[in-house]
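# Provide a 3D model corresponding to the input given below.
(one chain, ligands or ions: 1)
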Amino acid sequence: MDIAVIGTGYIGLVTAVCLASKGHRVIGVDQDADKVRRLNAGDPVIYEPGVDELLRAGLGSGRLRFCASIAEGVAASQALFICVGTPPSSDGSADLTQVENVTREIAGCMDGYRLLIEKSTVPVKTAGWVERTVRLHNHRQVDFDVASNPEFTREAMAVQDFLEPDRIVIGVSSERAAELMLEIYRDFDCPKIVTDVSTSEIIKHASNSFLAMKISYINLIADLCEAAGGDVKTVADGMGLDARIGRAFLGAGVGYGGSCFPKDVKAFCRIGEDLGLDMSLLHAVDGINERRVGQLVAKLRQALWIVKDKTIAVWGLAFKAGTDDTRSSQAIRLAVELLREGANVRLYDPQAAARARHELPPSDEVVYCASALEAAQGASALIVATDWPEFREIDLAALHTALTTPIVVDGRNLFCLKAMERAGFEYYSVGRRSVSGHG
Ligand code: UDX
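Modelled structure (predicted):
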């Protein structure tokens, strides 16, 4: 099928390269002309495993190209995926300005039937607004449909999640739209839920909020383990073996970040409240997450007494391992908090330093390092903020030598308590006993 993908951020680009790999002819549209030039030259712009290969393969096959004109995208396609950003507004609701703008522009160019597909995460009822916008601006009065097709791809796993999904959710209001959507996903071997548009929109927010709830729940249990004496990893294992609960997303730590969970939980609260519902369950999820960084800094304070003027190593800046994305990263919040306390920070992340530079204030107190051990060199303590596998594999003896005082505060529970004890560290993790280093 001829498909346009409007917006080539993480989701748009992954959608474009993956659909091209399935044999569709895809045109990616982005208003950023420089990005379009780089994409057409085979530079994926973002770091996301697998995207570069699929981008080059798509460009090479002639089935994938990029342009900066929505009119060109509309002319070249039958179905258009809307993948533009929906950033949070100050009140927590999603700002849908970009969705409205591109919808208006698409409508103005339509010269025959088109299927508009919402892929961006949007509040329930957005499809109704998209439909109304198309009606108002579709001067030739051509036929069209609006579908909802939420994405469930995780960053760092996006290509795999897109090509081998657990399920595909399709929200439509006509047979014709359902047939086209099923045609797009013909070669995907997974359950496909075809439902109405509102239900589809709700599935997306309900899924992300549920996963965020699991994380905040286990973080609450971690606090309980610390207070009562218990081990949260073993609690999570014990809970997770119950097939009704499952072990996934029961990793306690510094809390969730990224472009989806923090924003989606807040937006879902707003959606529910606008409809007159009590959303306090999800407010609690958000509140627990908001407090995680402060709790970790409190552990550091407890270990160091005075944080001001001390040098602290921070491992990790990305919101999770496997990505260079620092949006709503708890690691960045942590670095900011340490700077606010008057500390000097030595930062290391295998991928995200370049993006972090845009988020952290340029200052003499901030040093970006080329390796994990370099960051630890001369620091009074180390805080682990992102779960990169290379941190887990670090030479503990070398780390011990690098730090001036062997204090590690681990916001990701990466290390084995016994190994840290044997290596002589004072080790504070999340929801587990602290280690004195002399046992
Ligand atoms: C998420 C959803 O998983 C995906 O389905 C949706 O489409 C987009 O949002 P993503 O933001 O890429 O994907 O990250 P995810 O892997 O879900 O992790 C989100 C955050 O939760 C990260 O900061 C991660 O470190 C944290 N997390 C995850 C935990 O703190 N504990 C866990 O057990 C799992």
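# can you map out the strands along the stretch 1-150 of the chain?
Listed in chain order, the strands of the stretch 1-150 of the chain (DSSP state E, counting those that start in this stretch) span residues 2-6, 25-29, 64-67, 79-82, 114-118, 144-148.
# now the ones you listed as TSV including mean pLDDT and distance to the ligand?
All C-beta atoms are positioned from the backbone trio N, CA, C, and that covers glycine. Output for those, formatted as TSV (pLDDT from 0 to 100; distance: least, CB to the nearest ligand atom, whole Å):
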stretch	mean pLDDT	distance to the ligand
strand 2-6	97	16
strand 25-29	98	19
strand 64-67	98	22
strand 79-82	97	15
strand 114-118	96	14
strand 144-148	96	14
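# now distance to Thr401 too, for these, in JSON lines please.
Listed next are these as JSON lines, based on distance: least, CB to CB, whole Å:
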{"stretch": "strand 2-6", "distance to Thr401": "50"}
{"stretch": "strand 25-29", "distance to Thr401": "49"}
{"stretch": "strand 64-67", "distance to Thr401": "49"}
{"stretch": "strand 79-82", "distance to Thr401": "52"}
{"stretch": "strand 114-118", "distance to Thr401": "54"}
{"stretch": "strand 144-148", "distance to Thr401": "55"}
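# nearest to Leu180, out of those strands?
Of all these, strand 114-118 sits nearest to Leu180, with 5.1 Å by CB to CB.
# and that closest one with strand 144-148, angle?
Put simply, strand 114-118 runs at 20 degrees to strand 144-148, going by axes from the mean of the first three to the mean of the last three CA atoms, to 10 degrees.
# can you lay out the strands of the stretch 1-150 of the chain as JSON lines showing mean neighbour count?
Formatted as JSON lines, those follow (neighbours: other CB atoms under 10 Å):
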{"stretch": "strand 2-6", "mean neighbour count": "25"}
{"stretch": "strand 25-29", "mean neighbour count": "26"}
{"stretch": "strand 64-67", "mean neighbour count": "21"}
{"stretch": "strand 79-82", "mean neighbour count": "26"}
{"stretch": "strand 114-118", "mean neighbour count": "25"}
{"stretch": "strand 144-148", "mean neighbour count": "25"}
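# quick one: which of the ones you listed is nearest His137?
Minimum separation from His137 across these (CB to CB) falls at strand 144-148, 11.1 Å.
# give me the pLDDT value at the closest residue to Ser21 other than its chain neighbours.
Excluding its sequence neighbours, the residue lying closest to Ser21 (CB to CB, 6 or more residues apart in numbering) is Leu54, at 5.2 Å. The per-residue pLDDT reported for Leu54 equals 98.
# which one's the longest helix in the chain?
With DSSP state H setting the assignment, residue counts place helix 197-228 as the longest helix in the chain.
# right, is it up against the ligand?
Yes. Using CB under 6 Å from any ligand atom, helix 197-228 reaches the ligand at Asn208, Leu211, Ile215.
# the helix or strand that that helix is followed by and the ligand in contact?
As assigned by DSSP states H and E, the chain's next helix or strand after helix 197-228 is helix 232-240. No. Helix 232-240 does not reach the ligand (CB under 6 Å from any ligand atom); its nearest approach is 8.4 Å.
# does the following helix or strand past helix 232-240 come close to the ligand?
Later in the chain than helix 232-240, the nearest helix or strand by DSSP H and E is helix 261-274. Yes. Under the criterion of CB under 6 Å from any ligand atom, the ligand is reached by helix 261-274 at Phe261.
# which parts of the helix or strand following helix 261-274 count as buried, going by neighbours?
The helix or strand immediately downstream of helix 261-274 is helix 280-304, counting by DSSP H and E. Within helix 280-304, the residues scored as buried using 16 or more other CB atoms under 10 Å are 282-283, 285-286, 288-289, 292-293, 295-297, 299-300, 303-304.
# show me what helix 280-304 is packed up against.
helix 197-228, helix 261-274, helix 330-340, strand 381-384, strand 407-410, strand 426-428 (3 or more CB pairs under 8 Å, 6 or more residues apart in numbering; DSSP states H and E).
# related to what we said a few turns ago, out of the residues of helix 197-228 next to the ligand, which comes closest to the ligand?
Using CB to the nearest ligand atom, Ile215 is the member of those that sits closest to the ligand, with 4.5 Å.
# how about the nearest residue to Ala33, chain neighbours excluded?
Once flanking residues are discounted, Ala33 sits nearest to Ala68: 4.7 Å by CB to CB, 6+ apart.
# number of residues surrounding the one you found?
Residues within reach of Ala68, counting by other CB atoms under 10 Å, total 15.
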